[in-house]
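Engineer: Need coordinates for the following:
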Amino acid sequence: MRLFALFMTVLMMTASAAAETIDVKYWGAVDLRTYKCAETVSSFVHRICYDESKAHLVVRLRNTYYPYCRVDRAIVSAWLNSSSKGRFYNANIKSDAVAGRFDCRR
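Structural biologist: Got it, this is the predicted structure:
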């Protein structure tokens, strides 16, 4: 029984350490290994992933991931704590709302 428990623990640790790669519009494949991701409760913004060391943000809007650059941690924190993820995106992240400040299409 102890051997089974040890095996299951190792298996779960291996599974959680596996990298996730997603397809990001304009960028292609992105490995999320260095990103911290949060699922959201929103009809529009479904997932927010942030790499603080690069100041890169990848967000899933409906079924498509989009990239944003030069985004500081304070903006991401405010977004994650906002009551409406969609309204926050439209006012503070979306390219037309902030004159392309975070735009980084390759």
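Engineer: Mind jotting down where the strands sit in this protein?
Structural biologist: Along the chain, the segments classed as strands by DSSP state E run 21-24, 28-31, 36-39, 45-51, 56-61, 64-68.
Engineer: What is the second one packed up against?
Structural biologist: Identification of packing neighbours for strand 28-31 by 3 or more CB pairs under 8 Å, 6 or more residues apart in numbering; DSSP states H and E yields strand 21-24. Any C-beta I mention is one placed from the backbone N, CA and C, and that applies to glycine too.
Engineer: who does the most centrally placed residue in the chain bridge with?
Structural biologist: With distances taken as CA atoms, centre = their mean, the chain has residue 49 as the residue nearest its mean C-alpha position (1.3 Å). For residue 49, the beta-bridge partners under DSSP bridges are residue 37, residue 58.
Engineer: Surely residue 33 is in contact with residue 51?
Structural biologist: No - Residue 33 is beyond contact range of residue 51, at 9.3 Å (criterion: CB atoms under 8 Å).
Engineer: check contacts around the residue nearest to the centre of the chain.
Structural biologist: Contacts for residue 49 were tallied using CB atoms under 8 Å, 6 or more residues apart in numbering; they are 32, 35, 36, 37, 38, 57, 58, 59.
Engineer: same thing but 6 Å
Structural biologist: Residue 49 makes contacts with 32, 35, 37, 58, as judged by CB atoms under 6 Å, 6 or more residues apart in numbering.
Engineer: What separation is there between it and residue 99?
Structural biologist: In this view, residue 49 and residue 99 are 24 Å apart by CB to CB, to the nearest Å.
Engineer: Quantify the burial of residue 104 by counting its neighbouring residues.
Structural biologist: Residue 104 sits with 15 neighbouring residues when counted by other CB atoms under 10 Å.
Engineer: Can you give me the neighbour number for the residue nearest to it when sequence neighbours are not counted?
Structural biologist: Ranked by CB to CB, 6 or more residues apart in numbering and with sequence neighbours excluded, the top spatial neighbour of residue 104 is residue 69, at 3.3 Å. Applying other CB under 10 Å, we find 14 residues neighbouring residue 69.
Engineer: before we move on, what about the one 5 residues further on?
Structural biologist: As a burial measure, residue 74 scores 8 neighbours (other CB under 10 Å).
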